[in-house]
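Peer 1: sequence below, structure please.
(2 chains)
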Amino acid sequence: MKILGKRSLSSIIEKCLVILLILGIFVTISVGIWIVLNWEKCMELILTKTIVIAYLSSFPVLIMVVEFIKIFKNLKNEKAFDKQNIKFLKVSYIASFIICAIYLINTIILILKTTWRDTFIVYPMLMAIIAIVFFFFGIGLIVLTEIYKKAIQFKEENELTI
Amino acid sequence: MAIIVNLDVMMAKRKMSSLELAEKIGITPANLSVLKTNKGKAIRFSTLDAICNALDCTPGDILEYKK
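Peer 2: Purely as a prediction, here's the structure:
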């Protein structure tokens, strides 16, 4: 199967991400409205407060999806070594670290403000795991950005060697 | 970059056009323009050899180092 170009894996992934983005926007708006309507109920317990904080992570996730759509659009147009991709990857790793920070704050709040009886033990653990996953995902994206930078540099040098 | 390509000076001395030189050394006029305008990152020995042969000069006549 073709990886780059039209009717390729990149094109399919781009389409899937667009669908995911539309669903994500719909869910984010609906949950946002629900939180506003049930604000007092949400602020009653520490556990529900952390859910509201976790909701904030949906915005960097949506930004990341938008950036990935742009990257896959470039791959679809066979512009694999485009300088713009570096910018898109940079925004993605910043978004990833913001998500990591949000879940880390949630984990700390849950550990400090609640007892094991209040929260099911899996919940803070899940928060910590998500924070760790996004931290390493961000690190991975930083490494990928650097590799990309080097690749573009080599490509330019190769093109400008007469 | 401190290396300057003085190709246009040598071409003027030999009264040779860009198109003619490009044809003689076997590169495209676009690539020759990159070389002439100092936008190139590197030059192959084979290209340098062909330029020197076509313009009857030495690499020192074409390349100059400025601090």
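
Peer 1: report pLDDT for residue A:114.
Peer 2: pLDDT recorded at residue A:114 is 74.

Peer 1: hmm, residue A:47 and it touching each other?
Peer 2: Yes: with contact taken as C-beta atoms under 8 Å, residue A:114 and residue A:47 are classed as touching, separated by 7.0 Å. From N, CA and C alone the C-beta is placed, and that goes for glycine too.

Peer 1: intersection of neighbour lists for those two?
Peer 2: With contacts taken as C-beta atoms under 8 Å, 6 or more residues apart in numbering or on different chains, residue A:114 and residue A:47 have no neighbour in common.

Peer 1: nearest residue to residue 50 in space, please, no chain neighbours.
Peer 2: I went with chain A, as the question did not name one. Ranked by C-beta to C-beta, 6 or more residues apart in numbering or on different chains and with sequence neighbours excluded, the top spatial neighbour of residue A:50 is residue A:106, at 4.6 Å.

Peer 1: actually chain B
Peer 2: Nearest residue to residue B:50, sequence neighbours excluded (C-beta to C-beta, 6+ apart): residue B:25, at 3.8 Å.

Peer 1: now swap in residue A:42 and tell me
Peer 2: Here the residue nearest residue A:42, using C-beta to C-beta, 6+ apart, is residue A:48, at 4.8 Å.

Peer 1: residue contacts, residue 58?
Peer 2: By default, I'm working from chain A. Residues touching residue A:58, when contacts are defined by C-beta under 8 Å, 6+ apart, comprise A:24, A:27-28, A:31.

Peer 1: actually, chain B is the one I wanted.
Peer 2: The neighbourhood of residue B:58, defined by C-beta under 8 Å, 6+ apart, consists of residue B:52.

Peer 1: run the last query once more with 6 Å
Peer 2: Contacts were defined as C-beta atoms under 6 Å, 6 or more residues apart in numbering or on different chains; by that measure residue B:58 touches no other residue.
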